[in-house]
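In: I'd like to go over a predicted model; first the sequence, then the structure.
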Amino acid sequence: MIPDLVPPSELLDWSLGRWLNPPLRAERGAAGELIVEAAAETDFWRRTSYGFVHDNGPALLAPLPVGTAMEVSFRLDLSGQFDQAGAFVRVDERTWTKAGVEMSDGELQLGAVVTREFSDWSVGPVPRWAGRQVTVRVSRAGDALTVRARADDEPWRLVRLAPLDPAAEAVAGPFCCAPVRAGLTVVFTGWRHGPADTALHPEH
């Protein structure tokens, strides 16, 4: 675990976010969770390999200034090809990052897509995360966006380090997409904000 790198965060109310592409349904559960149903054929992707541009996924976004971080937690229950959920960071339609868990070719994959005019994609299998609470953390410091993730209270994993212009105005928050099927519902259990990570690596 790297507690020295991840300062405490405070709960954000869902009402503080604004929807980019509102979902089919978004409602609060009895325990305060946010239940989101994504429409079919929703996704974020830009050009690379597939040749198309998709920018219609639902994302609930609030400001992410330099020096701050956000965490998005959700119950991992994905079953359809390319079902996905996690945290989304957006500057504009050509500059954004999505990070979280995606069902790809029958396996749960932890990864990120970083887009600067063209999208890239990196993933790694996380089959033991099925059915658990997953938290994705995006931390903005200087010219960098650091992405970490974990299941339940396990140690944080470094997912990605990506450039992000310190002068850019960015927003961030929970997202989910269903590129192939209808009926994807994601239960988001928490949305937090706080100070950025103190460093990329722990001191030894």
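Out: Received it, and whenever you're ready, just let me know what you need.
In: okay, which residue is most central for the chain?
Out: A87 (1.5 Å; Cα atoms, centre = their mean).
In: that residue reaches V171, doesn't it?
Out: No. At 11.2 Å, A87 and V171 do not qualify as touching, with contact defined as Cβ atoms under 8 Å. C-beta: built from backbone N, CA, C; applies to glycine.
In: re the thing from before, roughly how far out does the host helix or strand of the residue nearest to the centre of the chain sit from the chain middle?
Out: Using DSSP states H and E, A87 sits in strand 84-92. Computed by Cα atoms, centre = their mean, to the nearest Å, the chain-centroid distance of strand 84-92 equals 5 Å.
In: and the helix or strand following that strand, which strands flank it?
Out: Next helix or strand after strand 84-92 toward the C-terminus (DSSP H and E): strand 95-104. When pairing is defined by DSSP bridges, strand 95-104 lines up against strand 84-92 (antiparallel), strand 107-116 (antiparallel).
In: now strand 95-104 - C-alpha only, CSV.
Out: Extracted C-alpha coordinates of strand 95-104, given in CSV (Å, rounded to 0.1, in the frame of the first residue of the first chain):
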residue,chain,number,x,y,z
THR,A,95,-8.3,15.7,-25.2
TRP,A,96,-9.6,13.3,-22.5
THR,A,97,-8.7,10.2,-20.5
LYS,A,98,-11.0,7.4,-19.4
ALA,A,99,-9.8,4.8,-16.8
GLY,A,100,-11.5,1.9,-15.2
VAL,A,101,-12.6,-1.7,-15.8
GLU,A,102,-13.9,-3.0,-19.1
MET,A,103,-15.2,-6.3,-20.3
SER,A,104,-13.1,-7.2,-23.3
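In: any idea how far G106 is from the residue nearest to the centre of the chain?
Out: 24 Å (Cβ to Cβ, to the nearest Å).
In: repeat for P125
Out: Taken as Cβ to Cβ, the span from P125 to G106 is 10 Å.
In: neighbour-wise, which of the two wins?
Out: The neighbour comparison of P125 against G106 (other Cβ atoms under 10 Å) goes to P125, with 12 against 6.
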